[in-house]
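Novice: Need coordinates for the following:
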Amino acid sequence: MHAPGPSRPPEPPEPAEPPELPEYAERVLEVAEHIPSGRVMTYGDIAEWLEEGGPRQVGRVMALYGGAVPWWRVVRSDGVLLPGKELRALEHYRAEGTPLRETGRTTEGHTPRIDMRRARWDGEI
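Specialist: So this is what the prediction gives:
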């Protein structure tokens with residue numbers, strides 16, 4: 001009986017093509033890219049500006065694809081920072097001069113909120 005020859009390593013898989021971005025997602029991300037430094041839009045603002053979808057749909061797009069755009073500029077309407085990303089977002093807000101409202105010491109975590117009255121952008125160029 002003869003011994004089997006050396007085994008060859010399996011061929012690496014072909015690189016997968018990135019999935020095509022849905023048209024609605026492209027539109028949401030395009031709006032997010034145009035929000036000026038130091039300003040914000042809410043999820044609902046973007047849906048209203050696009051005249052399609054709602055805050056949840058915009059939030060879903062940002063959760064899935066938002067890493068490629070300034071995600072910290074798309075926020076909740078109450079100005080509360082994105083849970084789990086507060087510190088990263090704060091770095092961006094402070095660097096860009098985004099208006100913040102400091103919270104009192106009794107507020108959990110003492111994390112500032114965005115001053116929505118001053119920071120909100122209406123999409124006008």
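
Novice: Tell me how far stretch 80-96 lies from the chain's centre.
Specialist: A distance of 11 Å separates the centroid of the chain from that of stretch 80-96, by C-alpha atoms, centre = their mean, to the nearest Å.

Novice: Give the rounded mean pLDDT of it.
Specialist: For stretch 80-96, the mean pLDDT works out to 94.

Novice: Name the residues that touch that stretch?
Specialist: The contact list for stretch 80-96 (C-beta atoms under 8 Å, 6 or more residues apart in numbering) reads 37-38, 70-72, 75-76, 98, 100, 109, 111-114. Glycine gets a C-beta too; all of them are placed from N, C-alpha and C.

Novice: May I have stretch 26-43 as PDB, with CA atoms only?
Specialist: The C-alpha coordinates for stretch 26-43 follow below in PDB (Å, rounded to 0.1, in the frame of the first residue of the first chain):
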ATOM      1  CA  GLU A  26     -28.200  55.400  -0.400                       C
ATOM      2  CA  ARG A  27     -30.500  58.400  -0.100                       C
ATOM      3  CA  VAL A  28     -30.300  58.400   3.700                       C
ATOM      4  CA  LEU A  29     -26.500  58.200   3.700                       C
ATOM      5  CA  GLU A  30     -26.300  61.000   1.100                       C
ATOM      6  CA  VAL A  31     -28.300  63.300   3.400                       C
ATOM      7  CA  ALA A  32     -26.100  62.300   6.400                       C
ATOM      8  CA  GLU A  33     -23.000  63.200   4.400                       C
ATOM      9  CA  HIS A  34     -24.300  66.700   3.800                       C
ATOM     10  CA  ILE A  35     -25.100  67.600   7.400                       C
ATOM     11  CA  PRO A  36     -22.500  70.300   8.200                       C
ATOM     12  CA  SER A  37     -19.900  69.900  10.900                       C
ATOM     13  CA  GLY A  38     -21.300  71.000  14.300                       C
ATOM     14  CA  ARG A  39     -24.900  70.400  13.200                       C
ATOM     15  CA  VAL A  40     -27.300  67.500  13.500                       C
ATOM     16  CA  MET A  41     -30.500  66.100  12.000                       C
ATOM     17  CA  THR A  42     -32.900  63.700  13.700                       C
ATOM     18  CA  TYR A  43     -33.900  60.300  12.200                       C
END
